[in-house]
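> Requesting a structural model of the entry that follows:
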Amino acid sequence: MLDREGFRPNVGIILLNHRNQVFWGKRIRTHSWQFPQGGIKHGESPEQAMFRELHEEVGLLPDHVRIIARTRDWLRYEVPQHFIRKDARGHYKGQKQIWFLLQLTGRDCDMNLRATSHPEFDAWRWHEYWVPLDAVIEFKRGVYEMALSELARFLPKPQGHQNRFLRGNMRGPNGRKPDGTDEPLLDEPPTPTLLPAVVQAQQDVTTLVSEIVQIELK
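Purely as a prediction, here's the structure:
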């Protein structure tokens, strides 16, 4: 289902643990890592699609999470032509997404990557909030930055920790604060370390062409 401009309605999910780390999933049988996402079916609301995708990809139920916030408007990204199946070229342009920020209220063991017969991920881990900007494929980076930046203001205070993401202590992409200023911060967040698999994915994008096509047209 495409809109008049060729964008497919879609939802993206940023799932937090109690430390404000984000769920980061590895696409099955690839070295590609990403947030859970998926298309909105005809007749579904974005929230309904989000809960369906959450269960299909991560195995969680509505009782396992709490909705903290969502993006106000659609966030769009275009898919490069060489990543699009030939029979879809000319009318499919990319994705338009509503992003949800969720808090895991259940336990890690509640997750089940094989909740359906067609799993999307075969591994997962928790990452620091901004790390995905350095790891995601380039044409999705703009949408990830917009979603993470818009939703960062809603991050809850981590249990037992001072929340360095909130207000004056929050530093976003390129060291910027939520208000767009570059005022120095007292607490410098540690530099995240990428997984070797993530680094390899960045350096060898061409090996992911077939997987990316399947992701975008799923």
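
> alpha carbons only for contacts and neighbour counts from here, please
OK.

> Run through the helices of the chain in chain order.
46-58, 132-135, 138-152, 196-203, 209-216 (DSSP state H).

> Not counting residues beside it along the chain, what's closest to the residue nearest the centre of the chain?
With distances taken as CA atoms, centre = their mean, the residue of the chain nearest its centroid is Phe35 (3.1 Å). Distance criterion CA to CA, 6 or more residues apart in numbering; nearest residue to Phe35, sequence neighbours excluded, is Trp24 at 5.6 Å.

> Can you check what pLDDT the model gives the one you found?
We have a pLDDT of 98 for Trp24.

> With Arg164 instead?
If you check Arg164, the pLDDT there is 53.

> Just grab the bridge partners of Ile98 for me.
Ile98 has these beta-bridge partners by DSSP bridges: Val11.

> i'd like the first residue to be 8 from this point on
In the new count, where the first residue is 8, that last one comes out as Ile105.

> which residues touch it?
Remark: with contacts taken as CA atoms under 8 Å, 6 or more residues apart in numbering, Ile105 is in contact with Asn17, Val18, Gly19, Pro53, Arg77, Thr78, Arg79, Asp80, Trp81, Leu82.

> if we go to 7 Å?
Shown in contact with Ile105 (CA atoms under 7 Å, 6 or more residues apart in numbering): Asn17, Val18, Gly19, Pro53, Arg77, Thr78, Asp80, Trp81, Leu82.

> Right, I'll leave it there.
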